[in-house]
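Peer 1: give me a 3D structure for the following:
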Amino acid sequence: MKGWAVAMAVATELVLRGMALAADPRFPDWPCNQVKVPEISAAAVWAGPAIDEVGNAWEEDAAIKDLIARLAARRTPLEDAQKAISDFITGTESQRQKKAKLVFAGLFKTLNHERSEVMQGIERYFRKQREFSDQIRSTILQLRELQDRPDPDQSRVDELTNRVEWDTRIFEERRKTINFVCEVPVVIEQRLFSLARTRGHH
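Peer 2: Below is the predicted model of the structure:
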């Protein structure tokens, strides 16, 4: 029992140490393999004319604001969103250009904001995970200290061993969740990129 508990504690500690490290030292709370890009630039996704003068004009038009909310929602299939954009961007060249700029300005602000919120959530989750790993490590130290005594309290050893085993399992499940959530900012970027390239009808 004793040898197994120590071996498990050592293995657990190695696992925790590996998981608690951030991939990029510039962003110590960013756990994802994907590189953290805090903000997407409009130029990176939009090949159309500058949208500076548009500002937040899209928010002042209820119909466009509603359209943007529908386009941005990931539950709206990408094909449906692209069709809605094409159906909306109609008229003369100048009308189409104006509508395209309004739609992109709205999508850019909405999806960028959503992406930032998701990234902040990932970092909060990771900070909690790091605290949890410290808690597990503390239990491991208690367990080692207990086992080093000439006459350890076996029931206490069993209790701490079970706690380390259980907490490590929870930790691992949470780590898998982080890996899954890390994909969300990428999905949002890809949606913005795809919708920004949708053209209207002549």
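
Peer 1: now do the helices in the chain.
Peer 2: For the chain, applying DSSP state H gives helices covering 2-19, 42-45, 62-72, 78-88, 93-147, 154-181, 183-196.

Peer 1: quick check: mean pLDDT of the second one?
Peer 2: Averaging pLDDT along helix 42-45 gives 84.

Peer 1: name the residues that touch it?
Peer 2: 51, 104, 108, 189, 192-193, 196 (CB atoms under 8 Å, 6 or more residues apart in numbering). C-beta: built from backbone N, CA, C; applies to glycine.

Peer 1: again, only this time at 7 Å
Peer 2: The contact list for helix 42-45 (CB atoms under 7 Å, 6 or more residues apart in numbering) reads 51, 108, 192-193, 196.

Peer 1: show me which of the residues you listed is closest to W166.
Peer 2: Closest to W166 out of the contacts of helix 42-45 is L192 (41.1 Å), distances taken as CB to CB.

Peer 1: nearest residue to that closest one in space, please, no chain neighbours.
Peer 2: In space, and not counting its chain neighbours, L192 is closest to L111: 4.5 Å by CB to CB, 6 or more residues apart in numbering.

Peer 1: count the residues that sit near the one you found.
Peer 2: Neighbours of L111 under the rule other CB atoms under 10 Å: 23.
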